[in-house]
Each structure stands twice: as C-alpha cells, then as structure tokens.
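A.B. asks: Okay, sequence plus prediction incoming.
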Amino acid sequence: MTHAWTRSFHGALLAASLVAGSLVVGGAQAGDYLEREDVQAFVDQAVDETGVSRAQVEAWLGSAEYKQKIIDAITRPAESKTWGEYRPIFLTDKRIERGAEFMQEHGELLDEVAGAYGVSPYVITAIIGVETYYGRITGGYRVIDALATLGFDYPRRGEFFRGQLVDFIRLAGEEGLSMDKAEGSYAGAMGLPQFIPSSYRHYAVDGDGDGRRDLWDSHHDVFASVANYFVEHGWGQGEPVMFEVDINDADVEDLLNQARDLAPKTTLGELRERGVSVPDDAPVPDDFEVMLFTLTDGDDVAYQVGLNNFYVITRYNHSVLYATAVWQLAQAIEGAIEEAVDHRDE
C-alpha cells in the first residue's frame, strides 16, 4: 500500500472538535456520522477545500458506516512481524509461479512501460504481486467506509485518514469514481497497485490514453502508475537494491538506530572503516550512501545494506520487511522465467 503518511488535512475548527470527540468509538450505521459535531466540522472544511457542494459531501458521508473489522485490521499489520514470520506470506511457490504467468500474460505491455520509465518490469510485477496477488485480492471494504472509520474513529491516525477522505472526494470528480461502490483495503487503498487517494491523485498515470486513470481494469494505467510512483521517488534505472554484509564484532548500533527512518545516511566506506565485512564485489562504490538494517528469523539475525532503490521501495510502504519481500519476489519471478526459458530451449 502506498503510504504518503506526511500528507495531512486539518484546520483549527476541526482539530478543536476532534479533541472533544477523540474518545468516541464508532458503531455508526449509514447516516449516523452526520449527527456528530466533528464530522460536521470536517464537512465544512472538505467543502472549502474541494469545492464540492455541501449536499454532495453530506450525501456521501451519510452512506458511510463504521466497521470494527477495519479498526481490528489496522492494529495488527503484517509489518509488525519478524522477517521469519513475514517472508512466508509473500515468498511462496504459488505467488512466484503466478508472477511468472502474469508477466507472460502482460509481457509486451510491461516491457513497454519499463522502457518508458526505466523501472524493472519484475519490480512492477512484484509490487502488484505483494499488494493484491496480481489483482486477485483488491480489498473488500468500501473505501468510504474505510476512510470514515479511520478518519473519525481511530484517533491515532485520524488526521491522516481525514486527509485521504478529502482526496477521495476530489477523486470522485476527477476520475468519475463511485463513492458508493469503490472498494479497497481496510486502509482505503485502491486497485491492483493499492494506491491510497493522495497517491492516486498525485502519481497515477493514464497509460492507455483514454482520459481516465483506471487502477482496477486498465493494466496499462496500473503498470505506468507504479513505475511513475517509483520514478517520482527517485528510482535509479539499473541500480542495485540491497545486499548482505557481516558485521563481525563491529559496533553498529548507532547506524541501526540512524536507519530507522529508512533513509540512506552513511556510506559503504564508513561501514568498512567500522570493521564491517563488505563483499569485494559490492555493487556500489565506497562513497555511495547506504543504510544498515537487520532481518530476524528466529535466533538468526542477518545484516543487510539497503541502497537508494531499496529506499524508494520503502516509499511505497514504510517497512524494510515490505521492501525486502518485493525485491526478493521480483528476483524469484525473474529466476522462474529464466528457468522456464532454459527448459524450453533444452
């Protein structure tokens, strides 16, 4: 899921009303949200921000329902697991096999998009494979329910999701999305690539030129949008992503703490100076900025170096587990395709 977590929507009136309402946990049926003062304050702000009529905004919010399952889901995300627990979810034989089949089905289009944007077709495929199992699981929650539930009844992240709700209101006009029928994840992410509304508005692309950015039914739009997202966040064409190192007895705790925001802030040369064993055939020079992180599987701890393209993958979902899964799935799909070609040529 693309998490532009820094995007927010707020106003003095809204903030004040939410302080009073932040302890109110939902249970709202259709129409109930409009009875709340904090929601009415949001309507005022949304109308001002989007230019959509108050009657229309109230009609949409009037259909929204609180969903406890959404609150339950967001409080136990997969990224809270260890790598040993997380990896088997996404790096399965079936997901790899299906990824290879997906690339064979859409190979020409993937190659076209990859050539235009400079983003690996395997990575584009892996993103869709991790997010929605190549379009098979795009989410069963109405987006309006997800964003209302999280925006008004999940104080920890309410401000963020109210901002997403505003962007969803804008999208309804810009892309002709149905506010009543559009479905997505528990966090309001939509389509094959699971773009949240702000990412949909800012990074989605009309790849097929039909005048719409359709992330459900147009594979051209989907592939181009994922590639564009990566390019806009600094993807380096042909650059490596990550590799493993041995820290020996080096004290790297400060570097691990420094990398919690996932941004490369040290250099490969500094790792060497600290006593970290870096492969002689490391794919980048010593002055290349990197970040050091760990992957834990039971008692085993592997130390990994993430490069710029690794950081770009984490812009899609701010997790080293997610980025590692995407990259390893991309490699596995590529390997499966190469193996199939070799067998065919024998």
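C.D. replies: Thanks, I have it.

A.B. asks: which residue ranges form the strands in the stretch 1-150 of the chain?
C.D. replies: Secondary structure of the stretch 1-150 of the chain (DSSP state E, counting those that start in this stretch): strands located at 141-142.

A.B. asks: Can you give me the domain assignment for this structure?
C.D. replies: Domain assignment of the chain by automatic domain parsing yields the ranges 12-74+139-203, 84-137+214-236+331-338, 242-306.

A.B. asks: Which among the ones you listed is found nearest to Tyr316?
C.D. replies: If you check each of the domains of the chain against Tyr316 by CB to CB, domain 84-137+214-236+331-338 wins as the nearest, at 6.6 Å. (Each C-beta comes from the backbone N, C-alpha and C, glycine too.)

A.B. asks: quick revisit: dump the domains of the chain to TSV, plus mean pLDDT and mean neighbour count.
C.D. replies: As requested, the domains of the chain are exported to TSV (pLDDT from 0 to 100; neighbours: other CB atoms under 10 Å):
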stretch	mean pLDDT	mean neighbour count
domain 12-74+139-203	87	19
domain 84-137+214-236+331-338	97	19
domain 242-306	94	15
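
A.B. asks: Those domains: which one's closest to Ala323?
C.D. replies: Taking those one by one with CB to CB, domain 242-306 is closest: 7.3 Å.

A.B. asks: chain center to the closest one, what's the gap?
C.D. replies: Chain-centre distance of domain 242-306: 24 Å, with CA atoms, centre = their mean, to the nearest Å.

A.B. asks: can I get the domains of the chain in TSV with distance to Ala323?
C.D. replies: TSV is the format used below for the domains of the chain (distance: least, CB to CB, whole Å):
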stretch	distance to Ala323
domain 12-74+139-203	15
domain 84-137+214-236+331-338	10
domain 242-306	7
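
A.B. asks: Which one of those domains lies nearest to Thr324?
C.D. replies: So among these, domain 242-306 is nearest, using CB to CB, at 6.5 Å.

A.B. asks: what helices or strands is the longest helix seen in the chain leaning on?
C.D. replies: Ordering each helix of the chain by length in residues (DSSP state H) puts helix 320-345 first. Other helices and strands packing on helix 320-345, by 3 or more CB pairs under 8 Å, 6 or more residues apart in numbering; DSSP states H and E, are helix 83-90, helix 93-105, helix 121-132, strand 242-245, strand 289-297, strand 300-306, helix 308-316.

A.B. asks: looking at these, which is closest to Asp221?
C.D. replies: Among those, if distance is taken as CB to CB, the winner is helix 121-132, at 12.3 Å.

A.B. asks: So which elements touch the closest one?
C.D. replies: helix 93-105, helix 107-117, helix 219-232, helix 320-345.

A.B. asks: can you state the direction angle for it and helix 83-90?
C.D. replies: Using axes from the mean of the first three to the mean of the last three CA atoms, to 10 degrees, the direction of helix 121-132 lies 100 degrees away from that of helix 83-90.
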